[in-house]
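In: Structure of the sequence below:
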Amino acid sequence: MGDQIQKIFSKDPDKTYGLMEIVDGTSPMVEKRVEDTVETFPHYIILLMICSLTVTLALLIISLFFDAPLEDLANPLVTPNPGKAPWYFTGIQELIHYTTRPVIPAIIIPLLIVLWLTSIPYMDRKPKTSFGAIFNKILVGGERRRILLTLFTAFIFGALIFTVIGSLFRGENWSFILPWE
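Out: Residues are numbered from 1 along each chain as shown. Reported below is the predicted structural model:
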């Protein structure tokens with residue numbers, strides 16, 4: 001056994017070898033040679049740091065030229081009209097405005113969205129299991145995943161539209177206004 005290992009792994013002072021585990025089948029790394037790979041450290045880490053510093057510098061330069069749209073100091077005796085939520089909640093506030101029962105858009109719809117987004121990693125791409133096969137046939141639509149992509153795109157556009165309407169197009173008493181008026 002030792003002689004066979006010595007024949008397979010010849011001693012080379014420039015390379016190190018290790019036996020991790022013995023598995024059946026082929027690895028995706030079979031066709032890759034050590035010379036074809038790139039170490040993640042330092043190459044990728046340096047690139048990631050350069051990108052992070054570039055984004056930070058761009059935000060710093062933008063913040064020098066544009067002031068934050070802050071309001072006056074909070075006065076508990078005077079409430080603003082309309083009382084708007086932060087921009088990331090204006091979509092939900094806009095949904096609440098259109099309904100008479102606020103439980104559905106305020107609790108049930110965000111809960112369904114969170115459940116759907118957390119279930120995305122568990123969606124089986126290869127229908128090997130019975131649940132995966134049923135799910136792929138009904139919702140995903142085979143390899144093209146048309147229905148899933150359509151639902152996700154509709155969700156993104158809907159959230160974006162409701163956020164823009166709630167942030168820019170609502171005035172006093174929550175009436176619809178144009179932002180340039």
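In: Only C-alpha atoms from now on, for both contacts and neighbour counts.
Out: Will do.
In: From start to finish, how long is stretch 70-86 in a straight line?
Out: End-to-end distance of stretch 70-86: 12 Å, with C-alpha to C-alpha, to the nearest Å as the criterion.
In: Okay, buried residues for that stretch please.
Out: residue 84 (16 or more other C-alpha atoms under 10 Å).
In: what's the next secondary structure element after the least confident helix or strand in the chain by mean pLDDT?
Out: Counting by mean pLDDT, DSSP states H and E, the chain has its least confident helix or strand at helix 130-135, which shows a mean of 53. Heading C-terminal from helix 130-135, the first helix or strand you meet, by DSSP states H and E, is helix 146-168.
In: Does anything pack onto that following helix? Which helices or strands?
Out: Judged by 3 or more C-alpha pairs under 8 Å, 6 or more residues apart in numbering; DSSP states H and E, helix 146-168 is in contact with helix 90-98.
In: Convert the helix it packs on to CSV, retaining C-alpha atoms only.
Out: Extracted C-alpha coordinates of helix 90-98, given in CSV (Å, rounded to 0.1, in the frame of the first residue of the first chain):
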residue,chain,number,x,y,z
THR,A,90,-43.8,53.2,2.8
GLY,A,91,-44.8,50.3,0.6
ILE,A,92,-46.6,48.6,3.5
GLN,A,93,-48.1,51.9,4.6
GLU,A,94,-49.3,52.4,1.0
LEU,A,95,-51.0,48.9,1.1
ILE,A,96,-52.6,49.7,4.4
HIS,A,97,-54.0,53.0,2.9
TYR,A,98,-56.0,51.0,0.2
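In: quick one: contacts of it?
Out: Contacts to helix 90-98, defined as C-alpha atoms under 8 Å, 6 or more residues apart in numbering, come from residues 84-85, 102, 105-106, 159-167.
In: List the buried residues of that helix.
Out: Under the neighbour-count criterion of 16+ other C-alpha under 10 Å, helix 90-98 has 90, 91, 92, 93, 94, 95, 96 buried.
In: helix or strand right after it?
Out: helix 103.
In: pLDDT and distance to residue 174 added to the contacts of helix 90-98, as CSV?
Out: As requested, those are arranged in CSV below (pLDDT from 0 to 100; distance: C-alpha to C-alpha, whole Å):
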residue, pLDDT, distance to residue 174
84, 81, 9
85, 82, 12
102, 82, 16
105, 81, 17
106, 82, 17
159, 87, 19
160, 91, 19
161, 92, 16
162, 87, 14
163, 88, 14
164, 89, 14
165, 89, 11
166, 86, 9
167, 85, 11
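In: ok, of those, which come out buried?
Out: 84, 105, 159, 162, 163, 164, 165, 166, 167.
In: Tell me the one of the buried residues of helix 90-98 nearest residue 175?
Out: residue 94 (11.4 Å; C-alpha to C-alpha).
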